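A.B. asks: Structure of the sequence below:
(2 chains)
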Protein chains: 2
Amino acid sequence: MRDVAVVGIGIMKWGELWRKSFRDIFTEAALNALDDAGLDKIDSLIVGCMSGGLFVGQEHVGAILADYIGQKNIPAARVESACASGGLAFRQAYIEVASGMSDIVMAGGVEKMTDVSGDGATYALATAADQDYEVFHGVTFPGLYAMMARAYMKKYKTTRKQLSAVPVKAHKNGSMNPFAQYPFPIKLEDVANGVKVADPLHILDCSPITDGAAAAILTTVDIAKKMKKPYVRITGTGMATDTIALPQRESLTWLKSTELAGKRALKMAGRKITDMDMVEVHDCFSIAEIIVTESLGIFKKGEGAKAAARGVTALDGKIPVNPSGGLKSKGHPVGATGIGQVVEIVKQLRGDAENGRQIKGNPKVGMTQNMGGSGASAVVHILEVA
Amino acid sequence: MRDVAVVGIGIMKWGELWRKSFRDIFTEAALNALDDAGLDKIDSLIVGCMSGGLFVGQEHVGAILADYIGQKNIPAARVESACASGGLAFRQAYIEVASGMSDIVMAGGVEKMTDVSGDGATYALATAADQDYEVFHGVTFPGLYAMMARAYMKKYKTTRKQLSAVPVKAHKNGSMNPFAQYPFPIKLEDVANGVKVADPLHILDCSPITDGAAAAILTTVDIAKKMKKPYVRITGTGMATDTIALPQRESLTWLKSTELAGKRALKMAGRKITDMDMVEVHDCFSIAEIIVTESLGIFKKGEGAKAAARGVTALDGKIPVNPSGGLKSKGHPVGATGIGQVVEIVKQLRGDAENGRQIKGNPKVGMTQNMGGSGASAVVHILEVA
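C.D. replies: This next block holds a predicted model:
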């Protein structure tokens, strides 16, 4: 397999973008990535998108986006693994470059979530759960994660304040991210006083509905060197799946797919989890970040919430988690989220994070963890300075 | 890149399968493929599915199907390129094995299209067209292909009889395929007398709505040799895209993406189109097969319809096209169609085609051409005997 690098990243301001279309937002991010790489031509496009069909009535996503970013006639694929679609696109692009099939591949992600009315977004998101054994019976994602939160909080005697520490930290980081949907700080009491969505989760425990896109350009390390631009190496990729339906899992307080994807990526990179200078993880709900950090081995079982409350995961903590602001503050355009994580880690490794968000001490190794549904799929990547 | 082979294929009876679910039909095809390969474990799954969201309210398709076929925890991806999703899955599986990332990958395809009511299937299929510039204005797929048929028939003075030769040949072949949805012969006058769908296309010019699944197991040629089972080599893969919207194309009577995908696959295989002993192509409408055979270079411009009428594409013709019965007779479960084509070519190369459908003279090289929408994406593969 050939060594692979990221030579360009592109993102745009995420939010409720009423005046922009599905193809508009992807084009904006993709052209930013091409500009960043100093390229005007790619060999292949792989786009993560969870549900073009339900959100905007548009499937055939690869072909239409290749055309709109000025790359008509190239091979173009759309990949989907629910909210891990972006991470999956990055993985498939990595494999395509590593294989020798293509030299320059764009991994993109996009979701336009606000064009549906009524409970359209809730229905579309619920298709990431088991339609027959969960959704049909009325469960939606806040409900599924609330069950995980209840089980976790009871098992480990977690307090409301510990849980709230996660979104408070996310918003503090996100307030320094010019591309974030909600770039402002919140307080612990804001979380506790927010409207309850699914007990014990309040509104500020939940990531928002977001329109957004992001893109990264991958090529071989050999080509990257010749481009004489800063590049970041991809040293590990890991993916794993689990049952979709929560009742079929071995545990409600552990994410097996995240554990396995993390181990696979670390093994490939020849790294230990303690080598990571920072991580971007899938905090679709406050409880998700806590269980993810434990399943990746960053913290011991039952220690994730306490560590967050002690500031261990803060920007200046021992292991910064979600320096970008995470899904909570930056936003969660489901198909784009995994690429958004890559954009942040690449910025941090280049020393380019904006507005004082840059992690001190020249970080050299970072990880992204992107997750689908209530954890039925997980994709992990390790990125390192050249 | 490592040399890649197909060591197992699986299909099931396609049709309107009211008593079987989305996961049921994929499981049936996937287990048949595992049986055929003599394996009970795969390293990775890639599934083509056009719109799990709109047809059955189920995205996160890779994870759920990996679990239901007994392969929990493996990496699993769903890929989509409208009706070329199956071909795309085969291509991505090829790349994954060739790269060295995985040794044994299942390429699957599935679509459960009959669980929607009213015009649900028509709407879901229309998401393969341009939502903003085609669908919004009321165009559906029979309409798009009817425009292509009108332009072609006027340009080349094609007769109704010549057009009808395509579905008549499809049904003759399909009548010998035990897995076909409509395994019976039809006559030229049946096509002309059938109800008009979108002038000049009548009902028997159109492929049906189908529930179906298919799967293939890919591994390296080195591993295939050790398995001591018949295997088929994949010597070429090509993909290309075009504008989705028909009015933005250079020509209504030419499929640029098919031309390019064909050339790319042939170049990779070191083959000419005249080397093919048979082809499986995307005959979603009678006119599609005609324009595809020309765009691939099998016939000159304007000669495709005449050649079909002369029997050149029959099972005992100079170049058999769609020995399986094609989308018209075998059925068109959109995400599975591309893998169904691979199943047929592998059978023909092994000498395993059922019921007198086997092409005479020990065919050695075959091609599959799978297409999305009105041709905005095309995926071509070359398969050869070991």
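
A.B. asks: Can you read off the backbone torsions of A:Ile95?
C.D. replies: Geometry field for A:Ile95 lists phi and psi as phi -60, psi -40, criterion degrees, to the nearest 10.

A.B. asks: and it, what is it in contact with?
C.D. replies: A:237, B:95-96, B:99, B:101 (Cβ atoms under 8 Å, 6 or more residues apart in numbering or on different chains). Heads up, the C-betas are built off the backbone N, CA and C, glycines and all.

A.B. asks: can you list the residues of the stretch 101-250 of chain A near chain B?
C.D. replies: When proximity is defined by Cβ under 8 Å from any Cβ of the partner chain, the stretch 101-250 of chain A lies next to chain B at A:101, A:123-124, A:126-132, A:135, A:239-244, A:248.

A.B. asks: so of those, which ones are in helices?
C.D. replies: Using DSSP state H, A:123-124, A:126 are the members of these that sit in helices.

A.B. asks: on that earlier part again, and the furthest pair within the contacts of A:Ile95?
C.D. replies: The largest separation in these, counting by Cβ to Cβ, is between A:Thr237 and B:Ile95 at 13.7 Å.

A.B. asks: Next up, the contacts around the residue nearest the centre of chain A.
C.D. replies: With distances taken as Cα atoms, centre = their mean, A:Gly338 lies nearest the centre of chain A, 3.2 Å away. Residues in contact with A:Gly338 (Cβ under 8 Å, 6+ apart) are A:48, A:84-90, A:109, A:368, A:370, A:379.

A.B. asks: Considering those, which is situated nearest to chain B?
C.D. replies: Using Cβ to the nearest Cβ, the shortest approach to chain B within the contacts of A:Gly338 belongs to A:Leu88, at 5.5 Å.

A.B. asks: now the helix or strand in which the closest one is found: how far from the chain's centre is it?
C.D. replies: The secondary structure element spanning A:Leu88 is helix A:85-99 (assigned by DSSP states H and E). Taking Cα atoms, centre = their mean, to the nearest Å, the mean C-alpha location of helix A:85-99 is offset from the chain mean by 14 Å.

A.B. asks: just stretch A:341-360 next, same as before
C.D. replies: In terms of Cα atoms, centre = their mean, the gap separating the centre of stretch A:341-360 from the centre of its chain is 15 Å.

A.B. asks: Just the endpoints, please. Distance across it?
C.D. replies: Start and end residues of stretch A:341-360 are separated by 19 Å (Cα to Cα, to the nearest Å).

A.B. asks: What are the buried residues along that stretch?
C.D. replies: When neighbours are counted by 16 or more other Cβ atoms under 10 Å in any protein chain shown, the buried residues of stretch A:341-360 are found to be A:341-350, A:353, A:357-359.

A.B. asks: Any chance of JSON lines for these, columns distance to chain B, secondary structure and pLDDT?
C.D. replies: Supplementary listing: these in JSON lines, determined by distance: Cβ to the nearest Cβ, whole Å; DSSP: H, G, I helix; E, B strand; the rest coil; pLDDT from 0 to 100:
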{"residue": "A:Gln341", "distance to chain B": "18", "secondary structure": "helix", "pLDDT": "98"}
{"residue": "A:Val342", "distance to chain B": "17", "secondary structure": "helix", "pLDDT": "98"}
{"residue": "A:Val343", "distance to chain B": "21", "secondary structure": "helix", "pLDDT": "98"}
{"residue": "A:Glu344", "distance to chain B": "23", "secondary structure": "helix", "pLDDT": "98"}
{"residue": "A:Ile345", "distance to chain B": "21", "secondary structure": "helix", "pLDDT": "98"}
{"residue": "A:Val346", "distance to chain B": "22", "secondary structure": "helix", "pLDDT": "98"}
{"residue": "A:Lys347", "distance to chain B": "27", "secondary structure": "helix", "pLDDT": "98"}
{"residue": "A:Gln348", "distance to chain B": "26", "secondary structure": "helix", "pLDDT": "98"}
{"residue": "A:Leu349", "distance to chain B": "23", "secondary structure": "helix", "pLDDT": "98"}
{"residue": "A:Arg350", "distance to chain B": "27", "secondary structure": "helix", "pLDDT": "98"}
{"residue": "A:Ala353", "distance to chain B": "30", "secondary structure": "coil", "pLDDT": "98"}
{"residue": "A:Arg357", "distance to chain B": "32", "secondary structure": "coil", "pLDDT": "97"}
{"residue": "A:Gln358", "distance to chain B": "33", "secondary structure": "coil", "pLDDT": "98"}
{"residue": "A:Ile359", "distance to chain B": "30", "secondary structure": "coil", "pLDDT": "98"}
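
A.B. asks: for these, which one is nearest B:Ile273?
C.D. replies: Proximity of the buried residues of stretch A:341-360 to B:Ile273 was ranked by Cβ to Cβ; the top entry is A:Val342 with 40.5 Å.

A.B. asks: which residue packs closest to that closest one, ignoring adjacent ones?
C.D. replies: Beyond its immediate neighbours in the sequence, the residue positioned closest to A:Val342 (Cβ to Cβ, 6 or more residues apart in numbering or on different chains) is A:Ala216, lying 5.2 Å away.

A.B. asks: What segments of the stretch 201-350 of chain A are helices?
C.D. replies: If DSSP state H, counting those that start in this stretch is used as the criterion, the helices of the stretch 201-350 of chain A fall at A:221-227, A:256-269, A:286-295, A:304-309, A:326-330, A:337-350.

A.B. asks: Out of those helices, which one sits most buried?
C.D. replies: For these, the stretch with the most neighbours on average is helix A:326-330, a mean of 32; neighbours defined as mean count of other Cβ atoms under 10 Å in any protein chain shown.

A.B. asks: How far off centre is it?
C.D. replies: 9 Å.

A.B. asks: neighbouring contacts of it?
C.D. replies: Helix A:326-330 is touched from outside by A:14, A:166-167, A:170-171, A:173-175, A:177, A:179-183, A:204, A:206-208, A:280-284, A:286, A:289, A:322, A:324, A:337, A:340, with contacts defined as Cβ under 8 Å, 6+ apart.
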